[in-house]
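> with the input below, show me the fold.
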Amino acid sequence: MKDKNLKNKTSKKLESKLKGIRILTIALIVVLALLLILSIYGFMTVKNNPTFIALIAVAISCSAILPSQFSNMRKIKTELNRRNGNE
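Numbers count the residues shown, from 1 in each chain. Model prediction:
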């Protein structure tokens, strides 16, 4: 997310964007946790099932999205704090 883009948006829009990113990030964490739990359970109960290997691969690859989400949230929080400090 470009800093120029954040400076052009109103505080209200940034707050709503932050809330949306936070909700999506929490939902992604919950889904990834469930996926990993399901995969571990499948490994323990079913022998030689490649489906659970694929599920773990999906969970690991989708978890790569989390650092960028946290980075975006940090940038928005920084911009909001900067604005609140000036006002």
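> list the residues that contact the residue nearest the centre of the chain.
Closest to where the C-alpha atoms of the chain average out (CA atoms, centre = their mean) is residue 25, at 3.2 Å. Neighbouring residues of residue 25 by CB atoms under 8 Å, 6 or more residues apart in numbering: 66, 69, 70, 73. The way it works is simple: take the backbone N, C-alpha and C, and place the C-beta from them, glycine included.
> now it: which helix or strand?
Using DSSP states H and E, residue 25 maps to helix 11-45.
> and that helix, which residues are buried?
For helix 11-45, the neighbour count (16 or more other CB atoms under 10 Å) marks 14, 17, 18, 21, 25, 32, 35, 39 as buried.
> show the subsequent helix or strand relative to that helix.
The C-terminal neighbour of helix 11-45 among helices and strands, as given by DSSP H and E, is helix 50-62.
> distance from that following helix to the middle of the chain?
Distance, stretch centre to chain centre, for helix 50-62: 18 Å (CA atoms, centre = their mean, to the nearest Å).
> between that helix and helix 11-45, how big is the angle?
150 degrees (axes from the mean of the first three to the mean of the last three CA atoms, to 10 degrees).
> could you dump helix 50-62 to PDB, C-alpha only?
Extracted as PDB, the C-alpha positions of helix 50-62 are listed here (Å, rounded to 0.1, in the frame of the first residue of the first chain):
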ATOM      1  CA  PRO A  50      -2.200 -37.400   0.100                       C
ATOM      2  CA  THR A  51      -5.200 -35.100   0.600                       C
ATOM      3  CA  PHE A  52      -3.900 -34.000   4.000                       C
ATOM      4  CA  ILE A  53      -0.500 -33.200   2.500                       C
ATOM      5  CA  ALA A  54      -2.200 -30.900   0.000                       C
ATOM      6  CA  LEU A  55      -4.200 -29.300   2.800                       C
ATOM      7  CA  ILE A  56      -1.000 -28.500   4.700                       C
ATOM      8  CA  ALA A  57       0.500 -27.000   1.500                       C
ATOM      9  CA  VAL A  58      -2.500 -24.800   1.000                       C
ATOM     10  CA  ALA A  59      -2.400 -23.600   4.600                       C
ATOM     11  CA  ILE A  60       1.300 -22.800   4.400                       C
ATOM     12  CA  SER A  61       0.900 -21.000   1.100                       C
ATOM     13  CA  CYS A  62      -2.100 -19.000   2.400                       C
END
